[in-house]
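Q: For reference, the sequence and a predicted model appear below.
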Amino acid sequence: MKFQMNGFVMRLAIVTVIASLSLTLAYQCLAQGGVPELPGPGNTRISREQQQQLGFQAAAEVYKQIPVLPDSSSETQFVRQLGQRLVATIPPEHSWPFEFHVVAQKEINAFALPGGEMFVNVGTITAAANEAQLAGVMAHEMSHVYMQHSAKQMEKAQLTQGLAGLAGAIFGSKGGTLGSLAQAGVQVGAGMVMLKYSRGDEAQADEVGAMILYRAGYNPQAMADFFKTLESQGGSGPQFLSDHPNPGNREAAIQKEIQGWPPKKYQTTGSAFTQVRQQATAVKTYTADEIAKGAKTGQWDALNKQNGAVLKSAAGVAAPETTSAKSSNTTGNPAPSNDVMPGSRLLTVDLGPMRIARPENWDVIAAQQQGQSITIAPRSGIVSNGIGYGVVINGASFKGKATIDEMTAEIVRSLQSGGDLQVVGKATPIEVAGVGGRSVTMQSTSPFPDARGQSQKERDWLITLPRPDGSAIFLVFVAPESEYERLSPTFDRMLKSAQF
């Protein structure tokens, strides 16, 4: 079945509470002995899984746009060791699965994506006067992730622009993943990654970063020193400084913050940093202009694959190849039964407005542009002209007040446009997670031929569920008519698992 949403866009009203950012972190407390404790990161309606998925999808795009050193490089190995030392200072209940990468770029820059993927330019390694300064840049970036600044920025966008946030992005609004990243202040493209933070975010990342440095045994003053050096150089590192605006009196603010902390003997620059910094000067690097040109031709995507610089999937987050609707079945032949049949184990996925269980061998494929659905399906169950096995999920908004029957009828009409979809029988009541909805059995032509290569019918089970804001969520479970009964128990389990 080929789904055409005809402009239906999920607009779920998500009430958010924006945590206020205190420039002075007046709420911070000191542990016994005066050692600074990291403040609580606050709450956000954008779940951890959603933040990780967004960041991971962005990181996959980074690997196409920018030359990344392989994991085996000495520069990457050192940055990862340094990163893990900093991560160890973060309370486990508030930490993230940080991963550290090095970019073969001459200019000074570093950035961390939602969920913990962090990239440090070779130019940053060579510009750092000592190990503490490099650690300071990384601690500052980690603090943006720890305090969930991107997610909070996304929530602000929801309130001020009336957007549906990440949930809406998953259901097709505002350009899918890249649209959500833009809301979160993350721009990926043209060989560059830009993260826009407020001055309040920057002040908070300075303060939390200083705590991380101190707890890791580094002089927190080093972070301010590095920023001050960049600013004194004027034209050096303009992208870094545009991403990290000075919140005002940065050096004085950090000095004021740390003056009451117990004195300690700080880590000095070790031989490992000195050696890596020297080796980094010999690494083949590229300017921002060269990187932008190479991104347009696909140079970096090919180079990264050739060098073995491949993004590793974080736990619980879809790998890059599962985030687009591209199919591994392009032949139009019958789908291999072993590949499409759902496994017995179900895993729960958080889609924002709802949570639902999926077979562990079926992928979650996010919407890529406005009007598209999220798809949960086996790879072999998707072809270029439609989905033959699985479930598609989307949402619709309506003008004025509409009953669930009116919503269902309108959704059916939209799905029928441009295809051969036919309704079989009448809509009947159904209850899902305490919500009264409608169940409609439909039939169309499957994109997969039968075992003899002949065209066959498929069954499409539509479930429509109203939401308090007057919109509706709808799910369509899909399978060839001849195999529907085999998949029906899994469809039932998935529907029963749904939570709002």
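A: All right, it came through fine. Residues are numbered from 1 along each chain as shown.

Q: Let's verify the residue nearest the centre of the chain: helix, strand, or coil?
A: With distances taken as CA atoms, centre = their mean, Leu54 lies nearest the centre of the chain, 0.9 Å away. Three-state assignment for Leu54 (DSSP: H, G, I helix; E, B strand; the rest coil): helix.

Q: That one contacts Gly116, doesn't it?
A: No: at 11.4 Å, Leu54 does not count as touching Gly116 under the criterion of CB atoms under 8 Å. Where you see a C-beta, it was placed from the backbone N, CA and C, and this is true even at glycine.

Q: Chain neighbours aside, what residue packs nearest to the residue nearest to the centre of the chain?
A: Closest residue in space to Leu54, ignoring its immediate chain neighbours: Pro114 at 5.2 Å, by CB to CB, 6 or more residues apart in numbering.

Q: The one you found: how many residues sit nearby?
A: 33 (other CB atoms under 10 Å).

Q: what is the mean pLDDT for stretch 80-99?
A: Taken as a whole, stretch 80-99 has a mean pLDDT of 92.

Q: And the contacts of it?
A: 38, 40-41, 48, 52, 100, 112, 115-118, 131, 134-135, 138-139, 142, 145-146, 211-213, 215-216, 312, 314-315 (CB atoms under 8 Å, 6 or more residues apart in numbering).

Q: filter those residues to the buried ones?
A: With neighbours counted by 16 or more other CB atoms under 10 Å, these contain buried members at 38, 41, 48, 52, 100, 112, 115-118, 131, 134-135, 138-139, 142, 145-146, 211-213, 215-216, 314.

Q: Inside helices: which ones of these?
A: Those of the buried ones among the contacts of stretch 80-99 mapping onto helices are 48, 52, 131, 134-135, 138-139, 142, 145-146, 211-213, 215-216, per DSSP state H.

Q: which of these sit farthest apart?
A: Arg48 and Glu131 (30.6 Å; CB to CB).

Q: contacting residues around Ile404?
A: With CB under 8 Å, 6+ apart, Ile404 has these contacts: 436-438, 464, 466, 472.

Q: Among these, find the lowest-pLDDT one for me.
A: In terms of pLDDT, the lowest of those is Ala472, showing 91.

Q: hang on, isn't it packed against Ile463?
A: No: Ala472 lies out of contact with Ile463 (CB under 8 Å); the separation is 10.2 Å.

Q: out of the two, which sits in the more crowded spot?
A: Ala472 (25 against 21).

Q: Can you tell me the closest non-neighbouring residue to that one?
A: Leaving aside its chain neighbours, Ala472 sits nearest to Met407 (4.6 Å; criterion: CB to CB, 6+ apart).

Q: Which positions within the one helix or strand Met223 maps to qualify as buried?
A: Met223 belongs to helix 221-232 when assigned by DSSP states H and E. Applying a neighbour-count criterion of 16+ other CB under 10 Å, one finds 221-227, 229-230 buried in helix 221-232.

Q: just the CA coordinates of that helix, formatted as PDB?
A: Coordinates of each C-alpha in helix 221-232 appear next as PDB, following Å, rounded to 0.1, in the frame of the first residue of the first chain:
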ATOM      1  CA  GLN A 221      40.100  28.200  35.000                       C
ATOM      2  CA  ALA A 222      41.500  26.500  31.900                       C
ATOM      3  CA  MET A 223      38.200  26.600  30.100                       C
ATOM      4  CA  ALA A 224      37.900  30.400  30.500                       C
ATOM      5  CA  ASP A 225      41.500  30.700  29.400                       C
ATOM      6  CA  PHE A 226      40.800  28.900  26.200                       C
ATOM      7  CA  PHE A 227      37.800  31.000  25.300                       C
ATOM      8  CA  LYS A 228      39.700  34.200  26.200                       C
ATOM      9  CA  THR A 229      42.600  33.200  23.900                       C
ATOM     10  CA  LEU A 230      40.200  32.600  21.000                       C
ATOM     11  CA  GLU A 231      38.500  36.000  21.500                       C
ATOM     12  CA  SER A 232      41.900  37.800  21.600                       C
END
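
Q: on that earlier part again, residues contacting the residue nearest to Leu54?
A: Per CB under 8 Å, 6+ apart, neighbours of Pro114: 51-52, 54-55, 58, 145, 148, 150-151, 184, 186.

Q: can you give me the helices for the stretch 401-500 of the chain?
A: In the stretch 401-500 of the chain, the helices defined using DSSP state H, counting those that start in this stretch lie at 404-416, 484-497.

Q: Would you mind listing the buried residues in the longest one?
A: Just to be clear, that refers to helix 484-497. Here helix 484-497 shows 484, 487, 490-491, 494-495, 497 as buried, counting by 16+ other CB under 10 Å.

Q: and which of these is nearest to Thr268?
A: Ser497 (54.4 Å).

Q: from what I can see the closest one touches Asp350, true?
A: No: using CB under 8 Å as the test, Ser497 is too far from Asp350 to be in contact (12.0 Å).

Q: can you list the weak-confidence ranges in the protein?
A: 1-34, 156-194, 233-248, 312-338, 367-372, 384-385, 418-419 (pLDDT under 70).

Q: go again using 50 as the cut-off
A: Residues of the chain meeting the criterion pLDDT under 50: 3-33, 159-177, 235-238, 314-331, 369.

Q: per-domain residue ranges of it.
A: Annotated domains of the chain cover 48-307, 324-497 [automatic domain parsing].

Q: The shortest one: how far from the chain's middle?
A: The chain centre lies 24 Å from the centre of domain 324-497; the measure is CA atoms, centre = their mean, to the nearest Å.

Q: again, but for stretch 255-273
A: Between the centre of stretch 255-273 and the centre of its host chain there is 34 Å, according to CA atoms, centre = their mean.

Q: Then stretch 100-115?
A: Distance, centroid of stretch 100-115 to centroid of chain: 17 Å (CA atoms, centre = their mean).

Q: Quick one: end-to-end distance for it.
A: End-to-end span of stretch 100-115 (CA to CA, to the nearest Å): 12 Å.

Q: Next, the buried residues of that stretch.
A: Neighbour counts using 16+ other CB under 10 Å place 100-115 of stretch 100-115 among the buried residues.

Q: swap in stretch 61-73?
A: Within stretch 61-73, the residues scored as buried using 16+ other CB under 10 Å are 61-69, 71, 73.
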